[in-house]
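[1] no sequence for this one, just the structure:
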């Protein structure tokens, strides 16, 4: 496989990955809305004997959200690295088209 073909496959895989991430985020948004509704309806200061317990449970929810955001950030950085590699190859190749002329010729 040519280098251009490898970069094209890499970008295609990146696009599919981004599509799957979008589906995951949609599902997470629905789940987060359900959790929000449950928390608003069931968690009140009256449900806890001490303020420390309330704070502990609240921090647990926020820690989970931070883990999700951290995971998405790492995933996004990985996808950015893929695009940077492809763009660096395009700049080195000179010429017109993507990836040093890929797309200008029939392969």
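    Nice, thanks for sending it over. Because the structure is predicted, anything quoted here is derived from the model rather than measured. Residues are numbered from 1 along each chain as shown.
[2] quick check: residue 79 touching residue 14?
    Yes. Checked against C-beta atoms under 8 Å, the pair residue 79 and residue 14 is within contact range at 5.4 Å. Bear in mind the C-beta positions are built from the backbone N, C-alpha and C, glycine included.
[3] next, count neighbours for residue 31.
    Residues lying near residue 31 (other C-beta atoms under 10 Å) number 10.
[4] apologies, that question was intended for residue 23.
    9.
[5] now the one 5 residues further on
    Here the neighbour count serves as a burial measure; for residue 28 (other C-beta under 10 Å) it reads 13.
[6] give me the pLDDT for residue 95.
    Looking at residue 95, its pLDDT is 45.
[7] the chain should start at 573 in everything you say after this.
    Yes, from this point I'll number from 573; that puts the last item at residue 667.
[8] any low-confidence regions in this protein?
    Scanning the chain for pLDDT under 70 picks out the ranges 617, 619-620, 661-679.
[9] how about the residue located most distally from the centre of the chain, what does it touch?
    When distances are taken from the C-alpha mean of the chain, residue 621 lies farthest, 38.8 Å away, according to C-alpha atoms, centre = their mean. Counting by C-beta atoms under 8 Å, 6 or more residues apart in numbering, residue 621 makes contact with nothing.
[10] tell me the secondary structure at it.
    coil (DSSP: H, G, I helix; E, B strand; the rest coil).
[11] show me where the protein has helices.
    Counting by DSSP state H, the chain has helices at residues 575-614, 623-665.
[12] distance of the residue most central in space within the chain from residue 600?
    Centroid-nearest residue in the chain, with C-alpha atoms, centre = their mean: residue 644, separated by 3.9 Å. Note on residue 644: its distance to residue 600, by C-beta to C-beta, to the nearest Å, is 9 Å.
[13] how about residue 586?
    Distance from residue 586 to residue 600, by C-beta to C-beta: 20 Å.
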